[in-house]
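Asker: coords below, sequence missing:
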């Protein structure tokens, strides 16, 4: 995608209702989702990511931004397609308390894998095992690569078959030290590196050679033609009570920056959503 | 493999003749290849990498250490199997004047690809285009990541579909900036990093996400059951005059360390071989 121009709103997955329309397929009052901006009104056009949504088909319409949106589908396709889990595999998830990571851990369990999550702080680690069903949780805070390596080794003495990587930096470097032969690393994000003035750099790629392992980058946009398949699977697991998910909803355009920055300090619990319209506006 | 114990000889691919034997399948005087040490006599056992070789089947018996040994088979299987070339692909090879890299460039051309090589110094770069048939050569000396990136971009304006990586560090980081969508990086070696007191670290893995690209580690040992297939293909191309290869032969156990260190300063031209036996010993 093109970079966001200076002065333009930051791009985001959005849902909302049509306020005005020149397209007969999108009547005023129709709910839609799309890739727009953090702004109170967007001018959208049909096609691409823009599609009508049915609020009655999901527990809450915001779920189109979490379980049934890019978050849920990233977890589903990124794990199933890119990481190729087999029953009995040991799966390491970084950013495991986040919106995507918490779903990956649960899908790993559904697929018969052992799930180990890495998150920041005791409260999030407790959520991993108590709420999301991870088999083990590792608190990355205060740990360098050697300490992270030791913690992963303690949780997975025989190594890991899959890493679902959201963080990068030291956490990825420690994960690489614990790969099993033929391991797959699904590279979903590198959030520790995006704002770093001087990124740390990954030093343990040599473990890919030793273990004949691979790293593959993933973006949910590649799976648009298969979104219905992913949403159906997630919906089925949700109805069966096998999935939980969380949304962290802040309100008001004046909170756009603090809400955005939660993604980097980890102070959100679940998918970060900013609510910009009021019930008087029909939402 | 286990680390080499302090005091033990450094492990190496070797060829030689049997001097004494307790195994009826290996008569005294029989030529064999194996994975032994840099030493004048080795105690070997049948199985694993040890196998009889026929000097009459190749132009020179040392070719079992180059084109028909780990070098040639690493180039063949690492490129064909791990990098999955298609006709028209643009292929970037680092360490391109080396024993493996020079073969990868030639196999890329045989497979209908465009080949760009990275090497150190004008003489090696001239060898790439004049002797090995690369379409373009880049001299990495004196170039930082930005300058390497610019040089790769000039040679491959539309990006690269495949990187065959022998070097790592800044060279890999610059290569990652030039990946096309769905590109494959075959990770064969990271020679720039092995002796570094503080490895640079790879900072551009985010390009794997942007381009849905992958890095996969490779070791020729995985292809032992298919060595005959690889050797047959290489032999056919050699007979057809489509492959050239070079061997750099030093002599004498007293030159073991200088010969080994050539691998790191790049002062060898072709596969580095150390000759330890004399013609009086039957070699």
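Answerer: Perfect, I can see it now. Quantities reported herein were computed from a predicted structural model and do not represent experimental measurements. Numbering: from 1, shown residues only, chains lettered A, B, ... in the order given.
Asker: mind listing the helices in chain A by residue range?
Answerer: If DSSP state H is used as the criterion, the helices of chain A fall at A:70-77, A:99-110, A:122-130, A:145-155, A:169-176, A:191-194, A:206-210, A:227-239, A:256-265.
Asker: For chain B, which of these is the nearest?
Answerer: For the helices of chain A, proximity to chain B was assessed by Cβ to the nearest Cβ; helix A:206-210 is nearest, at 3.3 Å. All C-beta atoms are positioned from the backbone trio N, CA, C, and that covers glycine.
Asker: Next to chain B, which bits of the stretch 151-283 of chain A? Give me the list.
Answerer: Where proximity means Cβ under 8 Å from any Cβ of the partner chain, the interface of the stretch 151-283 of chain A facing chain B comprises A:168, A:172, A:187-190, A:193, A:199-203, A:205-219, A:222.
Asker: And stretch A:75-84, what's buried?
Answerer: For stretch A:75-84, the neighbour count (16 or more other Cβ atoms under 10 Å in any protein chain shown) marks A:75, A:76, A:77, A:78, A:79, A:80, A:82, A:83 as buried.
Asker: Over to stretch A:207-221?
Answerer: By neighbour count with 16+ other Cβ under 10 Å, stretch A:207-221 contains the buried residues A:207-209, A:211-220.
Asker: contact partners of it?
Answerer: A:70, A:73-74, A:77-78, A:81-82, A:165, A:176-177, A:179-188, B:187-190, B:205, B:207-219, B:222 (Cβ atoms under 8 Å, 6 or more residues apart in numbering or on different chains).
Asker: follow-up on the earlier one: just give me the lowest mean pLDDT stretch among the helices of chain A.
Answerer: Among the helices of chain A, helix A:191-194 carries the lowest mean pLDDT, a mean of 84.
Asker: Tell me how many other residues surround residue A:182.
Answerer: By other Cβ atoms under 10 Å in any protein chain shown, the residues close to residue A:182 number 12.
Asker: ok, now which ones touch it?
Answerer: Counting by Cβ under 8 Å, 6+ apart, residue A:182 has contacts A:161, A:211, A:212, A:213.
Asker: Quick check: the farthest pair among these?
Answerer: A:161 and A:212 (12.5 Å; Cβ to Cβ).
Asker: pLDDT weak spots in the stretch 1-150 of chain A?
Answerer: Residue ranges of the stretch 1-150 of chain A with pLDDT under 70: A:48.
Asker: Which stretches in it count as strands?
Answerer: Under the criterion DSSP state E, counting those that start in this stretch, the stretch 1-150 of chain A contains strands at A:11-17, A:31-37, A:51-52, A:90-94, A:114-119, A:136-139.
Asker: Would you mind getting the angle between the fourth one and helix A:122-130?
Answerer: Looking back up the chat, that one is strand A:90-94. 150 degrees (axes from the mean of the first three to the mean of the last three Cα atoms, to 10 degrees).
Asker: Okay, now the sheet partners of the longest strand that chain A contains, with direction.
Answerer: Assignment by DSSP state E gives strand A:179-187 as the longest strand of chain A. Each strand that pairs with strand A:179-187, with its direction, by DSSP bridges: strand A:160-165 (parallel), strand A:214-217 (parallel).
Asker: the inter-axis angle of the longest one versus helix A:145-155?
Answerer: Translated: strand A:160-165. Strand A:160-165 and helix A:145-155 are oriented at 130 degrees to each other (the same axes, to 10 degrees).
Asker: picking that back up, could I get the strands paired with strand A:179-187 as JSON lines with distance to residue B:90 and mean pLDDT?
Answerer: Below are these laid out as JSON lines (distance: least, Cβ to Cβ, whole Å; pLDDT from 0 to 100):
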{"stretch": "strand A:160-165", "distance to residue B:90": "28", "mean pLDDT": "98"}
{"stretch": "strand A:214-217", "distance to residue B:90": "19", "mean pLDDT": "98"}
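Asker: Adding distance to residue B:251, write these out as CSV.
Answerer: CSV is the format used below for those (distance: least, Cβ to Cβ, whole Å):
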stretch, distance to residue B:251
strand A:160-165, 47
strand A:214-217, 41
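Asker: What's the separation between the one residue in the stretch 101-250 of chain A that gets nearest to chain B and residue B:193?
Answerer: Closest to chain B within the stretch 101-250 of chain A is residue A:201: 2.0 Å, counting by Cβ to the nearest Cβ. As for residue A:201, its distance to residue B:193 is 11 Å (criterion: Cβ to Cβ, to the nearest Å).
Asker: Other residues contacting stretch A:258-273?
Answerer: When contacts are defined by Cβ under 8 Å, 6+ apart, stretch A:258-273 is touched by residues A:10, A:38, A:62, A:65-66, A:71, A:97-99, A:102, A:119-121, A:124, A:127, A:191, A:194-195, A:245-250, A:274.
Asker: From those residues, list the buried ones, please.
Answerer: A:38, A:62, A:65-66, A:71, A:97-99, A:102, A:119-120, A:124, A:127, A:191, A:245-248, A:274.
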